[in-house]
Structure formats: C-alpha cells, structure tokens
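Q: Structure, please.
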Amino acid sequence: MAVDTALSVSIMPGMPRPLSFKLLLPVCLPFLAHASFAAPPEMKAQPLVSTPVIDGDVIGDDAWAGAVPATGLQQVQPNDGQPSSQKTEVFIGYSDTALYIGVIAHDDDPSGIIVTDSRRDSSLNDTDSFRVIIDGLLDRQNGFIFGTNAAGIEYDAQITKEGGGDFGSGGGAFNLNWDSSWTVKSQIGDYGWSAEFEIPFRTLRYGSGDVQDWGINFQRNIRRNNEIAYWAPLDRNRSLQRVSEAGTLKGIETPGQRNLQVTPYVLSSARRGGSVIGTETDSDVGVDVKYSITPSLTLDLTYNTDFAQVEADDVQLNLDRFALFFPEKRPFFLENAGQFGVGNGGEVELFFSRRIGIGDEGEIIPVEGGARLSGKVGERTNLGLLFMSTEAVASIAPGNQFSVARISQEVGKRSSIGAIYVGRDGDGSFLTPESDDYNRSYARWMAPGLSASTCC
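A: So this is what the prediction gives:
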C-alpha cells in the first residue's frame, strides 16, 4: 500500500541534532506498519460446467459446487483494519458467454438487514449492499462497478482514471449514468442474504489474450453497524474506485467475439379533421449502431438521432447567475465518457457533450448524425474521437459540425500524458458570418501540470 505522505528532515552544519526526531520516530513506525498491507489478494475464476439459475439462491445452486469462494473482507469503518463482523463468500465462474458472480452475505441477525430503495442506480451507501469493481484491461486505472442489495436492485457505473476529476490529471470520471445489459437477483434467508450476477462478456471491456487476469475488488456494507469492508484492503480515505490497489482474478478464458447492437426507430403520425383538409401524415426514421472493433475499442454510429427515451433531468432551481450543470444521460455519449474529460466535472470542462443537440434555453436542436470511436489501443493508450452534425434552427442556432480528438498515454499506475482538441464549425446561418463561425480549443498535459488554449 502506497503512503501518500513524505517526511524529510534537514540538519544544517553546526546545528544541534533536533530532539523532536527521536520523539516522533516511535509514533511514525506504527502508522507505517498499519499502512503497509500485504500483497493484494488473488482468486481463481472457475469454469462452470452448468450455468447458474439467476434467482439469488447461491447455496442451493449446484452450478457453484466445487467453486472456491473469496473470503476475509477487512473493515475500513468503523474498526479500521479489523476483519468484517460478518462472513462474506464470493464465488466467480464463467461460461462461453458470461461472467457469473455468486455472493453469500452471512448475517447472524437477518432481521437487521436494511433495504432503503429498490430503484436502479439508487445509492447503496445507506443499505446493506455488495459491490464489485472489474478491471478487465488490468491497467489499474479503469473499470466497471456492478452492485446490488438485498432487494436485488441493479447498480452499475463506469470508472475512468479511478474516478478522479482533477484539472491537471487529464480527466477522470465516475459515470453512474452508464447502463448496460446484465442481470442480478437477491434473496434473504436465515443465513443472511445472497445474490447472483450474470454479466455478459459483451458488456465488459478486456484484453485480447485467450487466458487473462483481471483486476477485481469487492465491497460489502452492513448498514446497521455503519460497516464498510473490502476484499483487497484500502486506506480509510479510499473507495472501491481505487483500482490500482484491487486484487487479481486469474485464469479467465474469454471468448473472441464481436459485439454488434443495432437500435432502429420509426415514428409516424397522422392528422385529420378540424382545419385539416384530408389527412396529413408525417414519419421519421433513424438508427443507432454500437460495434466493438476489439473488446476494448468501441465504435458508435448514429443517424437522425432520437433521444426521446432518455431519462428526464432532475429539476434544479437556479438562484444565482451561473449556468446549471445537468449530467449527460444520452446513451450515445456514455460509452467511455471519461476518456473525453479534461477539467473538473461540472465546473470547468474543455468538452461538455450536453452542448450538442440542445440550445442555450433548452431548445431541441436536431442531430443529423455522428460517429464516435473510444477505448483503449494496446495496453496503455487511450483514444477518443467524435464527430457530430446538427441542423440549423432559425433564430436559435446555426448548423454545426463538432469534432473532438483526444489521446492519452498512461505512465505508471496513476499518471498520463496526452492532448485534446475540440472544434466547432458553423454554417453562418445565425448571427455570425460563416468565415467567423467557428471555435477551437485544445489542451496538452503531462502530470501534474496542464496547459490549455482557446481560439475564437
């Protein structure tokens, strides 16, 4: 475990040796001993002869027979460094198409299990819950979180650069609006509660080897005790997003598959009667395509985009002169959204996708189409390319073409060097002549510093 504190003592020639050094030394040693955990734990993924029935019954499911569970979770709260007050067993297996996780959360007082919400992506902090983070690329920076509680809710998020968002870091994100296709079921029994996860491999991003090792960690919350425990021990001020200190899941045989999702839509309407002579009809068509070029590099395409099914924004009341921040929820922009992040999320960002397709006062700006390539090339290079075209709307906005190019090279566990370019080219149909209707922004960074420039 790395200690983020350094102590240096300088003694000038002719100066007496400071007595405080001898007094502080015994105090520092226990601290360092506590912070120096053993090597991160490892576990073996089990190839399953039969697939589990996803009903939450881990104990009674023969598919888990012979699988060796991970145990020994360690508290960070309330008793830092002590074993969890309740036993937790985590089984992991896989088939040709999916990763399976079985959890038995033992509890000597099942009546004390607390469930506060059953909506998707509801907070798991105030309920008895279980979460797992999976780093399929084993880069110790990025991953996916899946979680549930005793009511069986689905909780998922995408993590980029351990969820950090410091301006000089080149971006980072905890993206709770990322949603994918997977299944979880839970049940409560006299032993406590249990859950079973089925996560298709097409949902995850991983390397190209036939047999792989992944980064992984587990978190269990026991709400009545205000208890938080992890499988791979973390410092008290860290969270599950700390992928660099996760354990290792070994021996996963992944399929060499390609993920293709096509989502078309057709809209049609007809009007007759009143002032309408005869029958007026109107129709519209569009399509979204998602294709995994490799398991770690994803191409998104859209034509005549329709965002009608996107979750509505939460109502906010603005009492000052600053613009409100609404998070991106449109699926087209969510895959690897953190790859495009440079700045402090919600405060200062060089690229904010919510500006595309929405006017200054919330007006709808039709999107003609676009393309988006994002993910990882090789082991340590992150790539993000985006192009979107929007239509002109009279007295509101010109027709625009948006371009974003972002690349970063990971250095060590938590550092990177990279650059981003953001451009907009308008057609000059609103307020500004076409020759002047453009914006350019770019940034380059090398941890820990960053420089940014904006043109026009």
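Q: Quick check: beta-bridge partners of A419?
A: A419 has these beta-bridge partners by DSSP bridges: I407, R444.
Q: Over to V348?
A: In beta-bridge terms (that is, DSSP bridges), V348 pairs with N344.
Q: Can you give me the neighbour number for it?
A: Number of residues near V348 (other Cβ atoms under 10 Å) recorded here: 11. Just so you know, the C-beta spots here come from the backbone N, C-alpha and C atoms, and that holds for glycine as well.
Q: ok, now how distant is it from N382?
A: 21 Å (Cβ to Cβ, to the nearest Å).
Q: Then G189?
A: 44 Å.
Q: higher neighbour count, the two?
A: Each of G189 and N382 has its neighbours counted (other Cβ under 10 Å); N382 has more, 27 against 14.
Q: Pretty sure that one sits in a strand.
A: Yes: assigned with DSSP: H, G, I helix; E, B strand; the rest coil, N382 falls within a strand.
Q: quick one: the residue lying closest to it once chain neighbours are set aside from I134, how far?
A: Closest residue in space to N382, ignoring its immediate chain neighbours: S408 at 4.7 Å, by Cβ to Cβ, 6 or more residues apart in numbering. When distance is defined by Cβ to Cβ, S408 is 21 Å away from I134.
Q: Which of the two has more residues huddled nearby?
A: Legend: neighbour count by other Cβ under 10 Å for S408 and I134, higher for I134 (25 against 21).
Q: ok, and the more buried one, which helix or strand is that part of?
A: strand 129-135 (DSSP states H and E).
Q: what does G370 give?
A: strand 367-377.
Q: Nearest residue to T263 in space, please, no chain neighbours.
A: D288 (4.4 Å).
Q: partner strands of the strand holding G370, parallel or antiparallel?
A: strand 297-303 (antiparallel), strand 381-390 (antiparallel).
Q: Pull out the CA atoms of the longest one and give them to me as PDB.
A: Output for strand 381-390, consisting of C-alpha atoms alone and laid out as PDB, is shown next (Å, rounded to 0.1, in the frame of the first residue of the first chain):
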ATOM      1  CA  THR A 381      -3.000   4.200 -25.000                       C
ATOM      2  CA  ASN A 382      -6.500   5.700 -24.600                       C
ATOM      3  CA  LEU A 383      -8.200   7.100 -27.700                       C
ATOM      4  CA  GLY A 384     -11.400   9.200 -28.100                       C
ATOM      5  CA  LEU A 385     -12.600  10.500 -31.500                       C
ATOM      6  CA  LEU A 386     -16.000  12.200 -32.000                       C
ATOM      7  CA  PHE A 387     -17.800  13.900 -34.900                       C
ATOM      8  CA  MET A 388     -21.400  15.200 -34.700                       C
ATOM      9  CA  SER A 389     -23.500  17.200 -37.200                       C
ATOM     10  CA  THR A 390     -26.600  19.200 -36.100                       C
END
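Q: Pull out the buried residues from that strand.
A: Residues of strand 381-390 classed as buried by neighbour count (16 or more other Cβ atoms under 10 Å): 382-386, 388-390.
Q: do the same with the shortest one
A: The neighbour-count check on strand 297-303 (16+ other Cβ under 10 Å) flags 297-302 as buried.
Q: just those now: which is nearest Q241?
A: T298 (21.3 Å; Cβ to Cβ).
Q: Report the beta-bridge partners for the closest one.
A: Where T298 sits in a bridge, its partners, by DSSP bridges, are S292, S374.
Q: right, and it touches L260 too?
A: No: counting by Cβ atoms under 8 Å, T298 sits too far from L260 to count as a contact (10.9 Å).
Q: Need the overlap of contacts for those two.
A: Jointly contacting T298 and L260 under the rule Cβ atoms under 8 Å, 6 or more residues apart in numbering are 290-292.
Q: Go ahead and build a PyMOL selection from the buried members of the residues you listed.
A: Per 16+ other Cβ under 10 Å, the buried members of the shared contacts of T298 and L260 correspond to this PyMOL selection:
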select buried, resi 290+292
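Q: Dump the shared contacts of T298 and L260 to a markdown table, plus distance to E280.
A: Formatted as a markdown table, these follow (distance: Cβ to Cβ, whole Å):
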| residue | distance to E280 |
| --- | --- |
| K290 | 35 |
| Y291 | 38 |
| S292 | 42 |
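Q: So which of the shared contacts of T298 and L260 is the closest to R272?
A: K290 (38.8 Å).
Q: Can you name the residues that contact the closest one?
A: Contacts of K290 (Cβ under 8 Å, 6+ apart): 259-261, 263, 298-301, 335.
Q: what do you get for S269?
A: Contacts of S269 (Cβ under 8 Å, 6+ apart): 281-283.
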